[in-house]
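Peer 1: model the following, please.
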Amino acid sequence: MTNNVFDGFTVLPSNGFGGAAIVDFGGLPPQFPGTFAASNVIQYNTITSKVPPGDFSAFSWISGADVPLVGIVLSGQDGAIVSNNKSSITSNANGDGGAGIVATDAITGLTDVNLTITNNDGKKSQYSLIITDDLSGGTGNTVGATIQGNVGVNLIDGTTFNAKRHSPVLHCDPTTGVCTQP
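Peer 2: Down below sits the predicted model:
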């Protein structure tokens with residue numbers, strides 16, 4: 001999915017989830033373990049929105065942060081490339097915010113592996129990038145990942161840092177998912 005403009009998407013509380021511009025869930029349902037979506041490419045998209053007034057914390061895409069709006073949601077991906085996207089999701093007065101990109105297994109039960117997430121600009125969102133701990137509390141969603149230059153606040157495996165365009169590359173171990181700078 002490339003070169004799209006998403007402007008003004010919102011939360012739909014009736015479905016129990018928050019809002020998202022691009023949702024890329026992998027493979028078959030959880031009753032068919034190990035079925036990933038392979039090598040999807042999401043790049044050069046522009047995503048803007050505002051969290052509406054009210055309390056939408058119950059509709060957050062992840063636990064631990066109130067993000068009812070997300071530009072790109074990944075779950076159950078193998079080898080997906082997410083690059084050069086821009087997101088600007090304005091928080092509401094209640095503190096409910098947005099994230100440019102979320103990679104999690106909480107939606108499908110399938111971890112994300114071998115992701116390449118580079119050069120995305122989410123500095124006008126509460127978070128540029130969130131990669132959650134896996135459902136077992138480990139680093140499964142970062143297994144084999146390459147992460148660099150995702151401008152703004154990044155929350156990866158429970159660690160928060162502010163990234164700049166030329167931030168160091170994080171290479172994540174292909175077995176353990178532990179991320180290090182080379």
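Peer 1: for the protein, spot the helix or strand the model is least confident about on average.
Peer 2: Scoring the helices and strands of the chain by mean pLDDT, DSSP states H and E places strand 37-38 at the bottom, with a mean of 58.
Peer 1: can you tell me what sits against the very next helix or strand once past that strand?
Peer 2: Next along the chain after strand 37-38, taking DSSP states H and E as the criterion, comes strand 41-43. For strand 41-43, the surrounding residues in contact (C-beta atoms under 8 Å, 6 or more residues apart in numbering) are 1-2, 22, 24, 72, 80-85. The way it works is simple: take the backbone N, C-alpha and C, and place the C-beta from them, glycine included.
Peer 1: who does the next helix or strand after strand 41-43 pair up with?
Peer 2: Using DSSP H and E, the helix or strand that follows strand 41-43 towards the C-terminus is strand 46-50. The strands that strand 46-50 pairs with in its sheet are strand 5-7 (parallel), strand 86-90 (parallel) (by DSSP bridges).
Peer 1: Gly152: which of the contacts of strand 41-43 is nearest?
Peer 2: Asn85 (11.8 Å; C-beta to C-beta).
Peer 1: go ahead and flag the most central residue of the chain.
Peer 2: In the chain, the centroid-proximal residue (C-alpha atoms, centre = their mean) is Val102; its distance is 1.3 Å.
Peer 1: and the gap between the closest residue to Thr111 other than its chain neighbours and Ile147?
Peer 2: Spatially, and ignoring its direct neighbours in sequence, Thr111 is nearest to Gly140 (3.9 Å; C-beta to C-beta, 6 or more residues apart in numbering). From Gly140 across to Ile147, the span is 15 Å (C-beta to C-beta, to the nearest Å).
Peer 1: about what we covered before: just the contacts of strand 41-43: which are in strands?
Peer 2: Per DSSP state E, strands hold the following members of the contacts of strand 41-43: 22, 24, 72, 81-83.
Peer 1: no further queries at this time; thank you.
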